[in-house]
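In: Requesting a structural model of the entry that follows:
(chains A, B and C)
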Amino acid sequence: MARFIVRRMASAILLLFAVSIVVFAIFEVIPSYNPARAIAGRNATATTVAEVSHKFGFDKPVYVQYAKTMELIFTGQVIDYNDNLNVDSQFAQRFPVTVSLVVPAALIWLAGAVVLGSISALRVGGLADRGLMVAAILGVSIPVFLLAAVLLYAFAFKLPWFPNTGYVTLPDNPAQWAYHLFLPWISIAILSIGFYSRVLRSNLLDMVNEDFVRTARAKGLTRRQVFNRHVLRNSLMPIVTMFGLDFAVLLGGAALVTETVFNLPGIGQYEAQAIGNLDVPPILVGAMFTAFFVVLFSAISDIVYALLDPRVRLAG
Amino acid sequence: MIPDPLSDTGHPQAEVIAGTSPGGTTGIVITPGERVADPWAEGRHPPAVGPWKLAARRLRRNYVAQAFLVLFLVIVVACLLAPFYASHIAHIGPNTNNVTGTINIGGKTTDVVSTDGVPIGPTFSSRYFFGADSNGRDLAVRLLYGGRTSLLIGGIGTVIIIAFGTLVGLLTGYFRGVTDMILRPLMELIWSFPVVILGVALGTALALGGIGPVKGNSLYIPAFIIGVVFIPYLGKPIRGEVLRLREMDFVEAARVQGMGSWRIMLSEILPNLASMITVFVPMMLAYAILLEAYLSFLGAGVQAPNASWGTLISDGISYIQTTPTFSLIPGAMLVLAVLSINVVGDGIRDALDPRAQIRVRT
Amino acid sequence: MTEPLLDVQDLQVSFATEDGLVRAVDGVSFTLDRGEVVAIVGESGSGKSVTVMTLMGLTRSPNARFAGSARLRGGDLVTASEQELERVRGKEIAMIFQDPISSLSPVMRIGNQIAEQIRAHEKVSKADALDRAADLMERVGIPRARDRLRAYPHEFSGGMRQRVMIAMALSLSPGVLIADEPTTALDVTVQAQILKEIKQLSSESDSGVIFVTHDLGVVADIADRVLVMYAGRLVEQGTLDEIFFDPQHPYTWGLMGSVTRVDRDPPRRLPAIPGQPPSLLRVPEGCHFRPRCRHAFDRCREVPPLESRVPGYPEHLDRCWLDLADKHAKREVGGRIGLAEGDVIK
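Out: As a prediction, this is how the structure comes out:
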C-alpha cells in the first residue's frame, strides 16, 4: 500500500510540472502574445511596453522565465498581472468558498444518485425509472452555466426565494451560508445526478443477473437483504472510480462557471476573470491546482476501490 | 436412398442454416435429400441477420430516437438557411449594429435598444423575431448564424476527435514499444488536464494571436482545441479494445499469413472497432458542442463579433432580469440540439448493444 | 404409500421473448422421497435447469408464465408468494450451483456468507452463526476451517469453493437439496470428492437430492432414479437400472450409445446423436425428438403421452409410440445399445 501511495505521488508531481510547462508554453509560444502590452495598457507607448517587459523579465529567454515563475509560485510570491495581487494568497483565500460550493454539491449528487438509482432499478419501467431516464439525458445536454442562469432567473428574480449573489462564510452564519449556496449546489448536482443514477441503475440491473445474487436469493434472504448486502455493494464500485475523476473535473470546470454566474468569490471566479484578462499567472496556478486535484482524487478513488473490493488488494 | 417420411420433396440441395436462438447460436447442416421449404419449419432456427442489419431493425422500431433525429435535422437545416433568413425575412445581417434604430411594433415606434441600454424582447414579427441584443443586432439572425457556427465547430471538432482518437488508440494499442511510450504519456497528460482549463488556455492564447496563417478569430481554432482536448476520450477506450483484439486468434492468423502490421490494423482490427466508433460519434459531437459553448461563454472560444450559442448566452446573462429571452432562447436551442444528438446516440447504442435482447435461461 | 417429500405435477414454464413464446418446460412430473437421489439428465437447453430453478422460484420474472404445481410439505412452490418462498428457500429446499467462482459474493467473507444463511432463518447471534459455519466447513472437509472463516472466496480453490456452497446449502438440513451441475466446472479428481461429499452428507441428513447433470458417468455413480429430459419434456423416467439396462426411448438410446465404454473396443467414430435440439420457439409437431430420430414414423406427429409401457414396471415411464418388440429390436446397434452410428438426417 505504501508503495502505491509513493508511486502515485511521484506521478502527481510529474504531472503537475508537465501541466505547468504546457500552459506556460502555450502562452509563450504564441507569437503575437505580448503580456507586457496587456499589462501596460492599451494606449501605452512602445517605451512603456519595453520598460514593463524588462521589469517583468519578459525579455529573458523562455526557460529562464519559466524557472523564475515556478520559483515565485512555490515561494508564494507570484503576482498576477492585472491587479497586482499575490496569486497564491488569492487562491488560499478563495479556496474555502470553492470547497463550500463543490463538496456539498458533490455529496448531494452522490447521495441523490444512489437513492434515485436504487429506486429506478427496483421499480424498472415505473414512473420513477422513466422520469430518471429523461432527467439523465437532459442533464448531460444542458451546460452548467445555462442551468445556473435559468435557476438564478427563476428562483432569485422571478420568484425571489433565494438571494442572487453573495456569499456568507460558514462560521459566520451556517443558515445563511447554506441559503446562499443552495441554488449553486443544485445547479451542479442536478445535472450529474441523472447520469450517475442511470449508471448505478444499469450496474444494479446487471448485478441482478449475477450468479452470486442468485445464490443469495436461494439462501432465503429477503429481497431487501439481497439488495443491500450483495447487489448495492458490488454496484457501487464503478461509481466510485467515475466519481473521483468527475469531482476533479468539476473543480476545474463547472465550479468556474457556476461561481461566475452566482458571483461567488471562489477560485473559479478568479480563474474565469484571469482568463478574460489573459492574466497568465493565475491561469498557470489554476491549471496546476486543478491538475493536482485530478491526480489526488484519482488516487483516492483507487484506494477506496481497493477498500471496497478485496480482490484488488492482493494485486495492488 | 432411404425415403424419408419427413421431407416434402426430394430435391438435392445442400444448405447451411445458422440462426440465433435465445440460448445462443446453433446451426443445422442439411445434406442432399431434403429441401427446406420454410426456414421456420418445425425445429429449424430462423435465418441469421448480421449485427448491423439487426441494429438498423431495432433502430427503426425506436420512434423516440427517430423523432429527435428529425428535430436535429430541422435545426441543422434552419441554421444552414441563416443567410436566406437574414436577407429575405429579417432584412438585416448578423453583425449589423443598430443601436439607435427604431422598429414599428403594432403601430407603436419603439427603440430597438432603450435609452438605458436594454434591448427589446421578442416581437414575433419578421424583424427582431426574438428581440435584439445590446448592439441592436437581430437575435434571431444571430441565433441561426450562431447555430451554424456552433454546429460547424462541433462537427469539425468531432471529425478531428474521431480521426485522431482512432489513430492514437490504434497505434498505442497495437504497437506497444516506443510509440506507446511517447504517445501514451501525452494522452494521459491531456486526459488528466482539466478539460476546460486546457481548452481555455489554448483558446485564449490562440484567439489572441492565431497560429501562422490562421487568424485569431477563425472558427478553426476552437474546433481544433475541442478536437485535441477530447482525443483521449476516444483514444483510451479504443486502445483498450485494440489491446484486447490484438491477442485474438484472427489477428494471429493474419500475422502468420504474412500481413504487415499496418494492413492488419486496417483490415482486421479497424472493422471490429466500427461499432465502438459509431457509438462514440454522437457522444463526441454532443461534448464538442457543449465544450464550445463553455469556451465561448468564458471568452476563450468564438470571438466577437462572431456569434455562437455560447457567446449569445453569455451576452444575455447580464440582461437576465430585464430580457430573459436574450440568453434563454439560445440556451433552449443549444439544449434541443444537444438533447437530440444524445437521444439519437442513445438509440444507436441500444440498437448495437446485444444485451438489448431478453436473456432466457435454459 | 407415504406422501412424497416433493411432488411435481405437470410443471410448465414458458418465457415470452421478442421472438415468440419459448416453452422451456412442457409438462414435467415427478416425485422425490427422503433419502433418494434423482438425477435429471439432458443436453443444454433441455429444460433441466429451468425446472429445478423454478422449484426454487428463481425463474420468476415479468415475462415468465407458469402452470402446474410443485408441492413441498403441503405448500405449492409454483404459486407461493415471494415471502413464503423466502422462508422456504435455504431452509426446506436448498441449491448448489454450477460455477462456484461466480456463485459467491466476491466482497464478502466466507464465514459471513454461510452465517448469513443461518441467520436468515434462525434467531442466532452472529458469533453462534459463525461457529456453526466453522463446523459446517469442517464437515465438508475444509481444513483449518476456523482460521478460514475470514477468508474471501477468491482465496479458495474451485473445489473448496464448491464445498463451501455445499456447506451453505446443508447448513439448515433442508429436506430437498438441488445440485445443478455442481461438478461441471471442476477437475475430474475434485469431482469425485465432491460427489462423495454430496452423497454422504445427504444421507446423513436424510435429504432428498435432485441432481442435474449431462454426465452419465456421474449419474451412474450416485443416482437412484433417473429423469431424461429433451426439449422441455420428460421423455423417460425410471430407476437407474431400468434406464441404463432397459431404456425405452430413442433419445435415451442415443445417450447411452454416446458413452464410450472401457470394456469394449473404441468405436471408429464417436457416436453422437446427429442434428441439434430444436429451437424452443418453434417446437416440432408431436414428439420433439422426431426430426432427429431415425425410427420415427407417422404416429410420431402425435404427442406421445408419458406412460408406462413395460409390463411389470409401472414406475418406468417413457414417451415413445414404438411397441415393445420394435424397441428391443431397434435399440441394438453394433452389439450395444445406441441410436445409430454417424448417421445424418435424411
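In: Helix or strand: which one has the residue nearest to A:L221 when sequence neighbours are not counted?
Out: Take A:L221 and drop its neighbours on the chain: the residue closest to it by Cβ to Cβ, 6 or more residues apart in numbering or on different chains is C:A120, 5.2 Å away. (C-beta placed from N, C-alpha, C; glycine too.) For C:A120, the host element (DSSP states H and E) is helix C:110-121.
In: Mind listing residues that contact that helix?
Out: A:216, A:219-222, A:225, A:229, C:87, C:90-91, C:104-105, C:108, C:124, C:126, C:129-130, C:132-134, C:136-137, C:148-153, C:156, C:164, C:167-168, C:171-172 (Cβ atoms under 8 Å, 6 or more residues apart in numbering or on different chains).
In: Give me the average confidence score over whichever helix or strand comes after that helix.
Out: Per DSSP H and E, the first helix or strand lying C-terminal to helix C:110-121 is helix C:126-139. Helix C:126-139 carries an average pLDDT of 90.
In: ok, back up a step: now the buried members of the contacts of helix C:110-121.
Out: Neighbour-count burial (16 or more other Cβ atoms under 10 Å in any protein chain shown) applied to these gives A:216, A:219-221, A:225, A:229, C:87, C:90-91, C:104-105, C:108, C:129-130, C:132-134, C:136-137, C:148-149, C:151-153, C:156, C:164, C:167-168, C:171-172.
In: which ones are touching the residue of the stretch 101-250 of chain A found nearest chain B?
Out: Using Cβ to the nearest Cβ, A:S141 is the residue of the stretch 101-250 of chain A that sits closest to chain B, at 4.1 Å. Contact analysis of A:S141 by Cβ under 8 Å, 6+ apart lists B:A286, B:L290, B:V335, B:V338, B:L339, B:I341, B:N342.
In: Please, where are all the helices along the stretch 1-150 of chain B?
Out: Shown for the stretch 1-150 of chain B, the helices assigned by DSSP state H, counting those that start in this stretch span residues B:51-60, B:63-80, B:82-84, B:139-174.
In: which strands and helices sit next to the first one?
Out: Using 3 or more Cβ pairs under 8 Å, 6 or more residues apart in numbering or on different chains; DSSP states H and E as the contact criterion, the secondary-structure elements in contact with helix B:51-60 are helix B:63-80, helix B:325-352.
In: and if we set it to 10 Å?
Out: Judged by 3 or more Cβ pairs under 10 Å, 6 or more residues apart in numbering or on different chains; DSSP states H and E, helix B:51-60 is in contact with helix B:63-80, helix B:270-298, helix B:325-352.
In: what angle sits between that helix and helix B:63-80?
Out: Counting by axes from the mean of the first three to the mean of the last three Cα atoms, to 10 degrees, helix B:51-60 lies at 90 degrees to helix B:63-80.
In: Return the set of buried residues in helix B:51-60.
Out: For helix B:51-60, using 16+ other Cβ under 10 Å, the buried residues are B:L54, B:A55, B:R58, B:L59.
In: where along the stretch 51-200 of chain C do the strands fall?
Out: Assigned by DSSP state E, counting those that start in this stretch, the stretch 51-200 of chain C shows strands spanning C:64-72, C:75-76, C:93-96, C:176-180.
In: Indicate each strand paired with the second one and its parallel or antiparallel sense.
Out: Pointing back at strand C:75-76 there. strand C:64-72 (antiparallel) (DSSP bridges).
In: With respect to C:A64, which of the buried residues of helix B:51-60 is nearest?
Out: For the buried residues of helix B:51-60, the closest approach to C:A64 (Cβ to Cβ) belongs to B:R58, at 23.1 Å.
In: Much appreciated, bye for now.
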